[in-house]
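Engineer: For reference, the sequence and a predicted model appear below.
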Amino acid sequence: MSTKGIIYIMKSVVPGLIKIGKTGSDNYERRMYDLEHNGYRNVTGLQRAFAIEVDDYDAKETMLHTIFDKSRVADTELFALDVNIAMQLLSSFDGKVIYPKSETKEEVFESATDSRTGQLIPNGTYKFSKKKRSDNKAVHAIAVVTGGKWKLLQGSVLGITEDVGVTQKAKTMRAVLHLASDGTLLEDADLGECAPSLAGTIVMNASDNGWADWKNAAGQPVDIYRQQATASSDET
C-alpha cells in the first residue's frame, strides 16, 4: 500500500544551498512554520520554494537524495545545488502541487527551466521596446541584471491591458509594482531571479518571448547568450 505525503524544496540565505525534505500531508504547514522560523542545522532564513504531494513519498525522497548525493552536505537534507534543477525534477513527478498554490506543475517546470537558462545572461543593462497589439500601446523598459537577478528601472513604461498568457506568477509580481495610471514605473522594482520571458511578460502584461525582446547594449536579443552556451556545449 502506497503512502501519500509531501516532498518539499526550500531555499536558504546561503546562495546555492537548498533543503529537500518530506513531511506528512497533515503536517506540512506546521513543518514549514517551524523551518522558516527556527531554521535547520544552524541554517536560518529558509523559505519554501516548491512542494508536491505524491504517493510513496518516502521512496521518492530517498531517490532524490540519491540522485543529488554528490551535492549533499554531510548527513543533512541540505544540498549545494541550483534550486531550479531540483524543481525541474520534482515537478515532473505525478502529484498535486501544494506550493505555490497558484501554479501548475507545468508552470513550475517551465519557470524553473527558464530560470536556469536565464542565469546565462551576463551582468549589464538591457532594454525592451515593443508595441502591444491589443491597444497599440508602446511599452518601453530598462532592466539591470546582476548575478541573475533583475531590476526594472524607474521610468519604464509597462503595458496596462492584461492579455492572454500572463501566468499567475507574473500577475503576483506585477501586483506589487508601483505604477502610474499610464503604466509608468514610479520606482525601481526588484524582480529577483528572473528569466527573460517572465520579465517580458511582466512588462508587457501579456505572454512574451523575452529572449527575443530584451536587447543588450549592442542591440542583440539576449537569446544570443543561450545560443552561445549551446554552441559551446556542442563543441565539448
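Structural biologist: Cool, the structure landed.
Engineer: Report the residue ranges of every domain in the protein.
Structural biologist: 4-101, 124-235 (automatic domain parsing).
Engineer: Now render those domains as CSV, adding mean neighbour count and distance to Glu110.
Structural biologist: Where C-beta positions appear, they are placed from N, C-alpha and C, glycine not excepted. Below are those laid out as CSV (neighbours: other CB atoms under 10 Å; distance: least, CB to CB, whole Å):
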stretch, mean neighbour count, distance to Glu110
domain 4-101, 17, 9
domain 124-235, 16, 9
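Engineer: Which one of these lies nearest to Phe109?
Structural biologist: domain 4-101 (4.4 Å; CB to CB).
Engineer: hmm, back to that, okay if I get the domains of the chain as TSV plus distance to Ala112 and mean pLDDT?
Structural biologist: Shown next, in TSV, are the domains of the chain (distance: least, CB to CB, whole Å; pLDDT from 0 to 100):
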stretch	distance to Ala112	mean pLDDT
domain 4-101	4	95
domain 124-235	9	93
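Engineer: could the ones you listed go into TSV alongside distance to Thr113?
Structural biologist: Listed next are those as TSV, based on distance: least, CB to CB, whole Å:
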stretch	distance to Thr113
domain 4-101	6
domain 124-235	8
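Engineer: Was I right to think Ala49 contacts Ile20?
Structural biologist: No - applying CB atoms under 8 Å as the test, Ala49 and Ile20 come out as separate, 10.0 Å apart.
Engineer: can you list residues touching both of those two?
Structural biologist: Residues touching both Ala49 and Ile20 (CB atoms under 8 Å, 6 or more residues apart in numbering): 8-9.
Engineer: residue boundaries of the strands in the protein?
Structural biologist: 4-11, 17-23, 47-55, 78-80, 96-99, 124-131, 138-146, 149-152, 189-193, 214-215 (DSSP state E).
Engineer: Mind giving me the packing neighbours of the last one?
Structural biologist: What that stands for is strand 214-215. Under the contact definition 3 or more CB pairs under 8 Å, 6 or more residues apart in numbering; DSSP states H and E, strand 214-215 sits against strand 124-131, helix 196-204.
Engineer: Can you tell me what sits against the longest one?
Structural biologist: Contacts with helix 196-204, where a contact means CB under 8 Å, 6+ apart, come from 111, 114-115, 118, 121, 128, 130, 132, 139, 141, 143, 150, 152, 156, 158-159, 163, 165-167, 169-170, 173-174, 177, 191, 207-211, 213-214, 222-223.
Engineer: again, but for stretch 123-140
Structural biologist: With CB under 8 Å, 6+ apart as the criterion, stretch 123-140 contacts 141-147, 156-161, 163, 183, 199-200, 203-206, 208, 210, 213-217, 222.
Engineer: Spatially nearest residue to Gly24, not counting backbone neighbours?
Structural biologist: The shortest distance from Gly24 to any residue other than its chain neighbours is 5.2 Å, reached at Gly5 (CB to CB, 6 or more residues apart in numbering).
Engineer: and what of Ile142?
Structural biologist: Leaving aside its sequence neighbours, Ile142 sits nearest to Leu153 (CB to CB, 6+ apart; 4.5 Å).
Engineer: what does Lys19 give?
Structural biologist: In this structure, Lys19 finds its nearest non-sequential neighbour in Met10, 4.3 Å apart by CB to CB, 6+ apart.
Engineer: Just list the residues touching that neighbour, thanks.
Structural biologist: Contacts of Met10 were listed using CB under 8 Å, 6+ apart, and they are 18-19, 21, 35, 46-49.
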